[in-house]
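A.B. asks: Starting from these lines, generate the structure:
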Amino acid sequence: MSGGPPAKDRPGRQAWLGPLALGIGLGSWLVPGGIPVALVAVACGAWSVRTRGPYRIDGTAVAGAVAGGLQVLFSLLLLAADSAGR
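C.D. replies: A predicted model of the protein is given here:
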């Protein structure tokens, strides 16, 4: 199960993309109107996952992107339910 060096050993600023995506993705659930914050989490996660080379996919980046994506989906569902109820 060798996928190359772990993502935490990624050089430079890209090493922070996974933890940043996870932190922002979870934080978007605490912020009212967190859709823009959640979209930033999805962008950071996608940027980290898109990184090519010898590094495997960072699990924290995937988790952050999923948490942000679920926040966007949940907010849109609430918006649709609210507009359907009027």
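A.B. asks: okay, CA-based contacts and neighbour counts for the rest of this
C.D. replies: Noted.
A.B. asks: For this protein, which segments count as helices?
C.D. replies: With DSSP state H, the ranges of helices along the chain come out as 17-27, 35-50, 59-84.
A.B. asks: Need the residues that contact the shortest one.
C.D. replies: Pointing back at helix 17-27 there. For helix 17-27, contacts defined as CA atoms under 8 Å, 6 or more residues apart in numbering pick out 37-38, 40-45, 47-48, 58-68, 71.
A.B. asks: sorry, back to before: just put the helices of the chain in TSV and tack on distance to residue 9.
C.D. replies: TSV is the format used below for those (distance: least, CA to CA, whole Å):
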stretch	distance to residue 9
helix 17-27	12
helix 35-50	13
helix 59-84	13
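A.B. asks: got those helices as JSON lines, with mean pLDDT columns?
C.D. replies: Listed next are those as JSON lines, based on pLDDT from 0 to 100:
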{"stretch": "helix 17-27", "mean pLDDT": "91"}
{"stretch": "helix 35-50", "mean pLDDT": "90"}
{"stretch": "helix 59-84", "mean pLDDT": "92"}
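A.B. asks: most packed of those?
C.D. replies: Of all the helices of the chain, helix 17-27 carries the top mean neighbour count, a mean of 24, counting by mean count of other CA atoms under 10 Å.
A.B. asks: quick check: angle from that one to helix 35-50?
C.D. replies: Interaxial angle of helix 17-27 relative to helix 35-50 (axes from the mean of the first three to the mean of the last three CA atoms, to 10 degrees): 160 degrees.
A.B. asks: Helix 17-27 vs helix 59-84, what angle?
C.D. replies: Using the same axes, to 10 degrees: helix 17-27 against helix 59-84 is 30 degrees.
A.B. asks: export helix 17-27 as CSV, just CAs?
C.D. replies: Taking Å, rounded to 0.1, in the frame of the first residue of the first chain, the C-alpha atoms of helix 17-27 are listed here in CSV:
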residue,chain,number,x,y,z
LEU,A,17,-3.7,22.9,2.4
GLY,A,18,-5.1,19.8,4.0
PRO,A,19,-5.3,21.0,7.6
LEU,A,20,-6.5,24.4,6.3
ALA,A,21,-9.3,22.8,4.3
LEU,A,22,-10.4,20.7,7.3
GLY,A,23,-10.4,23.6,9.7
ILE,A,24,-12.3,25.9,7.4
GLY,A,25,-14.7,23.1,6.4
LEU,A,26,-15.6,22.4,10.0
GLY,A,27,-15.6,26.1,10.9
